[in-house]
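Student: Give me coordinates for this.
(2 chains)
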Protein chains: 2
Amino acid sequence: MPARNAFYAQSGGVTAVINATACGVIETARKHRNKFRNIYAGRNGIIGALTEDMIDTNKESARTIAALRHTPGGAFGSARYKLKSLEDNKAEYERLIEVFRAHDIGYFFYNGGNDSMDTAHKVSLISKRMGFPVTCLGIPKTVDNDLPITDNCPGFGSVAKYVAVSTQEAALDVLSMAKTSTKVFVLEVMGRHAGWIAAAGGLAGKEPGDAPHIILFPEVPFNQRAFLKRVRECVTKYDFCVIVVSEGAAYKNGKFLAEAGTRDAFGHAQLGGVAPVVANMVRDKLGYKYHYAVADYLQRSARHIASATDVKQAYAVGQAAVKMALAGKTAVMPVIKRVSDQPYRWKIESAPLSRIANKEKMLPRRYITSDGFGITPAARRYLEPLIRGEDYPPYINGLPNYVSLKNAPVKPRLQTKFVV
Amino acid sequence: MPARNAFYAQSGGVTAVINATACGVIETARKHRNKFRNIYAGRNGIIGALTEDMIDTNKESARTIAALRHTPGGAFGSARYKLKSLEDNKAEYERLIEVFRAHDIGYFFYNGGNDSMDTAHKVSLISKRMGFPVTCLGIPKTVDNDLPITDNCPGFGSVAKYVAVSTQEAALDVLSMAKTSTKVFVLEVMGRHAGWIAAAGGLAGKEPGDAPHIILFPEVPFNQRAFLKRVRECVTKYDFCVIVVSEGAAYKNGKFLAEAGTRDAFGHAQLGGVAPVVANMVRDKLGYKYHYAVADYLQRSARHIASATDVKQAYAVGQAAVKMALAGKTAVMPVIKRVSDQPYRWKIESAPLSRIANKEKMLPRRYITSDGFGITPAARRYLEPLIRGEDYPPYINGLPNYVSLKNAPVKPRLQTKFVV
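Tutor: Model (predicted):
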């Protein structure tokens, strides 16, 4: 088979290590020029394919591509853009294949979460049906850690490390001031549906009394009485209380705490921010002085404190996807299989996209302590290897030397415009 | 002169490197046992002296003391406790001298900000007047960077580095998603009176168009119209807009933005959080999708991303204070003097506490661009050396190996109790 072009796109929320995956894809593909002529990337993800706005990665030096390994964010641009079902918008899929055909793209690498795996799967089906079969590989990426089959998702380990380290550090601060100042500290972390990231905060505490004293998971309905009782107990016993709260923490009726009725001066519902809601509750009911932090994007872009395990795995899934394509596999995704906890060992296998698309892996109940406020030893065994190791970016004059690409466009070949 | 005991206390908000200063004090004093018999530390700062609740640092191994250099927070506990004026509460000062006399404490090392320098100064005066002269050394520490005479304050460089790195990283995240998602990102940082920390965010941007696009300083009265105009310009021109806002950003009439009238469902004024106020303003007036982060304690405890310059200087001021005491100096503070910008060179000198106490060094207007939204090349020359270099803590299993002390009490010798 003659060499054909490959198309790579980043999808959904970016991470500290999605570019390490891009690096794995491009570096590996470049070693097989007999199969992969050019590697194109979608500008702003799949939108770049639909609008025929692709980036020619051949214009980037080997050194620049290597630097992607230590650069956070999405170097080619990513998008929250979910292709509709084939029935609802067949035109989108047909357009995609039209662009692929015009540029002789025989390989589609789609780097994202559940939705993206669904898209990659559908593209594989329709490309065959349209007589232009494209080898479709999904590549896992999500800080939410909610893809099935794979033991964990690249992107998660680095957020987990950031949250665990930040919790540990802030706790030292609060503890040293608790006598005369703040007694309660609340850290808000991501996770609208699953408490994986909040659970990682639990790694900061090893001994009884260590912070975090309370974790609020989306999986455990919020019980104000039990929560306030626990806060009071902690302050009485340990002088302080550190709380890690998932943005998805909710009442039994499903209402998010973050929607707890806060309104601005104009009566608009105040958006976001479960941390201030929890902190104000503590002040109003218990009178303790508090502080809160909202980590938001800082947590998922914090390449400076990335997990070495995560960086390695992010690179490895990119590399593996290319190797699977070389081996003639299609409609699959590289998954991480844990071989052992201690010593931590893992390998890469492949799993069919059909088994992954649109499925979510929730935090198992056995990872949450029976009182609902902490993580169990089983959770610790699972989480701890994922944050292990440091992989520092190079620095110049005190700042990380993150790379930015030329992102030179591939010359369009179609006369038609497509509006997304 | 026979050996006498020394007393060291941490004061006010802690930092990522105040323990490096403690390390400098203790390691240096231990080398001069002929002068310093024991080094006691105040449990919870000066409160520990007043209540005769002191910590015997001799009970800590050399290895543990060395590990203070890489451990954030206040290892002995700190306090926001300002001694009143001599006229208002003479009893407090007398009690302090009484405790010092009972424990033969001839050296007082007070590690803090303006207020603490005032206290150290007064203790030096009253100890002489009471016939028990104590050698009093102030040691600078404040993330606010607002002490006079010294070129910069230990603690600031590490917050500055955290804020610059976080701004740079979050900007990469926002930029890669701006096409279909968040266009405006707001990062709230500390600084109620001075914009030093917010200014440090400016280091993240080097080229026109780089983030942060807007910095809101406490020194520049907030002008909603000019601000919104700039946000719109940035989004139009660069696709996104990153804003670093100081918690002390205020209107012309002095009212903090954070007090902008947000009320909860019960009508209580919503405390804290200038970032959501700014973010909601952008959404309401311009309709852009936004995200915001509140760094809070994370910024001042982030030892994992400490500035190597800051760590060195924090250690050096502790070491210098002990050497000044050995040289017979009293009522002085070691200050950092910048010898040159490029290459960055500094040395330690001493300055009288009377010239430092209760004075604040504000961010000079010439460090802020004429439009009020950015930093000038002069600010960059000043700030950049302070964040230079990385000084990573050791890690075990993915988490920094921060030390915790025994903090064994010194046996009280007084019969009297003192209530603070």
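Student: going forward, measure contacts and count neighbours with C-alpha atoms only.
Tutor: OK.
Student: what sits against residue A:375?
Tutor: Residues in contact with residue A:375 (CA atoms under 8 Å, 6 or more residues apart in numbering or on different chains) are A:199, A:202, A:367-369.
Student: For chain B, state which of those residues is nearest.
Tutor: For the contacts of residue A:375, the residue nearest chain B by CA to the nearest CA is residue A:202; the value is 11.9 Å.
Student: okay, now that closest one: neighbour count?
Tutor: Other residues near residue A:202 come to 29 when the count uses other CA atoms under 10 Å in any protein chain shown.
Student: Residue A:138 contacts residue A:333, correct?
Tutor: Yes: look at residue A:138 against residue A:333 with CA atoms under 8 Å: they come within range, at 4.6 Å.
Student: what's the closest non-adjacent residue to residue A:256?
Tutor: Distances taken as CA to CA, 6 or more residues apart in numbering or on different chains put residue A:250 closest to residue A:256, at 4.1 Å, once the chain neighbours are dropped.
Student: name the helices or strands packed onto the helix ranked longest in chain A?
Tutor: For chain A, the helix that runs over the most residues, judged by DSSP state H, is helix A:156-177. Helix A:156-177 makes packing contacts with strand A:184-189, helix A:196-201, helix A:296-301, helix A:308-326, helix B:296-301, strand B:399-400 when contacts are defined by 3 or more CA pairs under 8 Å, 6 or more residues apart in numbering or on different chains; DSSP states H and E.
Student: Next, the buried residues of stretch A:46-64.
Tutor: Neighbour-count burial for stretch A:46-64, counted by 16 or more other CA atoms under 10 Å in any protein chain shown, picks out A:46-58, A:64.
Student: if we take these, which one ends up nearest to residue A:114?
Tutor: Checking those against residue A:114 with CA to CA, the nearest one is residue A:46 at 14.6 Å.
Student: ok so, going back, go through the helices and strands packed on helix A:156-177 and name the closest to residue A:91.
Tutor: Of all these, helix A:308-326 comes closest under CA to CA, at 26.4 Å.
Student: just to revisit the earlier point, just checking, the residue nearest to residue A:256 touches residue A:257?
Tutor: Yes: counting by CA under 8 Å, residue A:250 touches residue A:257, with 5.1 Å between them.
Student: helix/strand/coil for the closest residue to residue A:340 other than its chain neighbours?
Tutor: Sequence neighbours aside, residue A:346 is the residue nearest to residue A:340 in space, at 7.0 Å (criterion: CA to CA, 6+ apart). Of the three states, residue A:346 takes strand under DSSP: H, G, I helix; E, B strand; the rest coil.
Student: Show me the beta-bridge partners of residue A:346.
Tutor: The partner list for residue A:346 in beta bridges (DSSP bridges) reads residue A:338.
Student: ok, how many other residues are close to it?
Tutor: Residue A:346: 14 surrounding residues under other CA under 10 Å.
Student: for residue A:255, same thing?
Tutor: Applying other CA under 10 Å, we find 14 residues neighbouring residue A:255.
Student: okay, it: pLDDT?
Tutor: Confidence at residue A:255, expressed as pLDDT, is 91.
Student: doesn't residue A:400 make contact with residue A:394?
Tutor: Yes: with contact defined as CA under 8 Å, residue A:394 reaches residue A:400; the gap is 5.7 Å.
Student: sorry, back to before: the more surrounded of residue A:250 and residue A:257?
Tutor: Taking neighbours as other CA under 10 Å, residue A:250 and residue A:257 compare with residue A:250 leading, 25 against 22.
Student: how close does residue A:290 get to chain B?
Tutor: Note on residue A:290: its distance to chain B, by CA to the nearest CA, to the nearest Å, is 10 Å.
Student: thinking again about what came up before, and the contacts of residue A:375, which are buried?
Tutor: Counted by 16+ other CA under 10 Å, the contacts of residue A:375 give A:199, A:202, A:367-368 as buried.
Student: Show me which residues of the stretch 301-420 of chain A are close to chain B?
Tutor: Proximity of the stretch 301-420 of chain A to chain B, by CA under 8 Å from any CA of the partner chain, involves residues A:301-305, A:307, A:384-385, A:387-390, A:395, A:397-400.
Student: part of a strand, is residue A:111?
Tutor: Yes: counting by three-state DSSP, residue A:111 is part of a strand.
Student: How about the contacts made by it?
Tutor: A:8-11, A:18, A:138-141.
Student: Among those residues, name the ones in strands.
Tutor: A:8-10, A:138-140 (DSSP state E).
Student: Quick one, which of those residues are buried?
Tutor: Neighbour-count burial (16+ other CA under 10 Å) applied to the ones in strands among the contacts of residue A:111 gives A:8-10, A:138-140.
Student: Let's have those in TSV, adding distance to residue A:91 and pLDDT.
Tutor: Putting these into TSV (distance: CA to CA, whole Å; pLDDT from 0 to 100) gives the following:
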residue	distance to residue A:91	pLDDT
A:8	21	98
A:9	20	98
A:10	21	98
A:138	22	98
A:139	25	98
A:140	26	98
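Student: quick one: which of these is nearest residue B:244?
Tutor: The closest of those, once distances to residue B:244 are taken by CA to CA, is residue A:10, at 27.5 Å.
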